[in-house]
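Visitor: Show me the folded form of this:
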Amino acid sequence: MSVKQKEYDFDADELLGALDETLQHARGKITLRTTRVPLPKKAAPMPPEKVVALRHTLNVSQTVFAHLLNVSPMTAKSWETGRRSPCGAALRLLEIAASNPNVLAPSH
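Guide: All right, here's what the predicted structure looks like:
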């Protein structure tokens, strides 16, 4: 009785790539296989007066401000009047823009 032998394809580039990825991971590179990722603190709520102050810092209208944030003008207005509060990604973007207004400053 003979034993059947399987053939395996060997791809040196794939093996080297996997080894390099393993080395980068060991050096601290964040990958999809990383199980622990340090996350920033949750963004603090932004009261209406801070939203208005940020818009004034940028020296833009509510409509332009809304476009810079990729939200509707009604959403930006509701944040400024306190009817709604920014949350999620919008809140993080406002937080970043408040600390560095140039990230949203329109080009003149």
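Visitor: alpha carbons only for contacts and neighbour counts from here, please
Guide: Will do.
Visitor: what helix or strand is the residue most central in space within the chain on?
Guide: The residue lying closest to the centre of the chain (Cα atoms, centre = their mean) is A89, at 7.4 Å. According to DSSP states H and E, A89 maps onto helix 88-99.
Visitor: which strands and helices sit next to that helix?
Guide: helix 48-58 (3 or more Cα pairs under 8 Å, 6 or more residues apart in numbering; DSSP states H and E).
Visitor: For the residue nearest to the centre of the chain, give me the pLDDT.
Guide: Looking at A89, its pLDDT reads 93.
Visitor: Then I30?
Guide: Confidence for I30, expressed as pLDDT, is 69.
Visitor: now the longest helix seen in the chain: mean pLDDT?
Guide: Longest helix in the chain, counting residues (DSSP state H): helix 12-26. Mean pLDDT, helix 12-26: 80.
Visitor: about what we covered before: any idea how far the residue nearest to the centre of the chain is from S72?
Guide: 15 Å (Cα to Cα, to the nearest Å).
Visitor: can you check L58 too?
Guide: In terms of Cα to Cα, L58 sits 18 Å off from S72.
Visitor: what about these two, which has more around it?
Guide: Using other Cα atoms under 10 Å as the criterion, L58 and S72 rank with L58 on top: 18 against 15.
Visitor: how far away is that one from P101?
Guide: Taken as Cα to Cα, the span from L58 to P101 is 7 Å.
Visitor: what does F65 give?
Guide: 12 Å.
Visitor: likewise A76?
Guide: For A76, the distance to P101 - Cα to Cα - is 17 Å.
Visitor: out of these two, which sits in the busier spot?
Guide: Set side by side, A76 and P101 show more neighbours around A76, with 25 against 16, by other Cα under 10 Å.
Visitor: Now do the contacts for that one.
Guide: By Cα atoms under 8 Å, 6 or more residues apart in numbering, the contact set of A76 is 62-63, 65-66.
Visitor: Noted, bye for now.
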